[in-house]
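>>> Sequence first, predicted coordinates after that:
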Amino acid sequence: MKKSKLALLMSSIVVSTLLSGCDVSIGDITEKLFPNPWDALAVFLAFVVLLIAIFYFAYKPVKKLLKQRGDYVEGKIKSAEEREIKSQQLLSDANEEVKAKRVEAMGIVEKAKEDAQKERAAILENAKQEKEEEIKRTKEEIAQEIEASKDEIHREIVSVAIDASSKVLEREVKKEDNEKLIDSFIDDLKDNK
C-alpha cells in the first residue's frame, strides 16, 4: 500500500513539473486526484443505484430469458433424443416385421409350391386314370366291333352256305329256317371259343 501512495505522489510530482509551465497548481491536481468525499459518496451511491437498477431491470430479465432459452434448447434436445430413440425403435420394429413378413412370404411360396405339386400329381393321376379308362373302353368297343363283325361274317357265311346247299338240294329253304340255322351256327361258334 505504501508503494501505491509513493507511486501516486511521484506521478503527481512528475505531472506538476510537466505542467509547471501551465497555470495549473498542485492544489488543482490534488483536488482532482483526491475528490471531495461527499462527491465521491454521491457518485458511489449513484453507481450502486445504477447497479441495482441494472440488476433488477436488465440482469434478472436477461438471466430469466437465458434460462428460458436454455430450458427450451434442453427440451428440444431431449425431445430430439426421444424422437431418435422412438425412430430407432420403430426402425427396428419395422425391420423385424419385414423379416417376419419375408419368412411368412417364403412359407406361403413353399406351401403354394407344395399345393401345386400335389395338384399336378392329382391331375396327372386323373389323366392317367382317364387314359386307362379310355383305353379300356376303346378295347371293349373294339372287342364288341370284332364280335359284331364275326357275327356278321358268320351270318353271311351261313347265308352263302344255305344258298349253296339249297341250290345243291334244289329246293328253297324258308327264311325262318334260314334264321334258325344261322343262330344255331353262331351259338355253336361261341360255345367253341
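Arrived safely, thanks for sending.
>>> Can you spell out which helices and strands pack onto the helix or strand hosting residue 132?
For residue 132, the host element (DSSP states H and E) is helix 60-169. Helix 60-169 makes packing contacts with helix 175-192 when contacts are defined by 3 or more CB pairs under 8 Å, 6 or more residues apart in numbering; DSSP states H and E. Every residue, glycine included, has its C-beta placed from N, CA and C.
>>> got any ranges where the protein has weak pLDDT?
1-3, 6, 12, 14-35, 163-175, 177-178, 181, 189-193 (pLDDT under 70).
>>> Touching stretch 118-127 from outside, list them.
Applying CB atoms under 8 Å, 6 or more residues apart in numbering, stretch 118-127 has no contact partners.
>>> Output that stretch as PDB, restricted to C-alpha atoms.
Taking Å, rounded to 0.1, in the frame of the first residue of the first chain, the C-alpha atoms of stretch 118-127 are listed here in PDB:
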ATOM      1  CA  LYS A 118     -50.000 -82.100 -55.200                       C
ATOM      2  CA  GLU A 119     -52.400 -80.700 -57.700                       C
ATOM      3  CA  ARG A 120     -50.000 -81.600 -60.500                       C
ATOM      4  CA  ALA A 121     -49.800 -85.100 -59.200                       C
ATOM      5  CA  ALA A 122     -53.600 -85.300 -58.800                       C
ATOM      6  CA  ILE A 123     -54.100 -84.000 -62.400                       C
ATOM      7  CA  LEU A 124     -51.500 -86.500 -63.700                       C
ATOM      8  CA  GLU A 125     -53.100 -89.300 -61.800                       C
ATOM      9  CA  ASN A 126     -56.600 -88.300 -63.000                       C
ATOM     10  CA  ALA A 127     -55.300 -88.000 -66.600                       C
END
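>>> What residues sit buried inside that stretch?
By neighbour count on 16 or more other CB atoms under 10 Å, the buried set for stretch 118-127 is empty.
>>> Tell me how many other residues crowd residue 58.
Using other CB atoms under 10 Å, residue 58 has 10 other residues around it.
>>> Quick check: phi and psi on it?
phi -120, psi -50 (degrees, to the nearest 10).
>>> Relative to residue 149, how far out is it?
129 Å (CB to CB, to the nearest Å).
>>> just residue 128 next, same as before
Distance from residue 128 to residue 149, by CB to CB: 31 Å.
>>> Same question for residue 66.
Following CB to CB, the distance that separates residue 66 from residue 149 is 119 Å.
>>> got it, and residue 39?
156 Å.
>>> try residue 110
57 Å.
>>> just residue 44 next, same as before
148 Å.
>>> same thing with residue 159?
15 Å.
>>> What of residue 133?
Distance, residue 133 to residue 149, using CB to CB: 24 Å.
>>> what's the answer for residue 40, then?
Here residue 40 is placed at a distance of 153 Å from residue 149 (CB to CB).
>>> And for residue 138?
16 Å.
>>> Just give me the neighbour total for residue 88.
10.
>>> sorry, back to before: who's more crowded, residue 159 and residue 149?
Using other CB under 10 Å, the more surrounded residue of residue 159 and residue 149 is residue 159, with 14 against 10.
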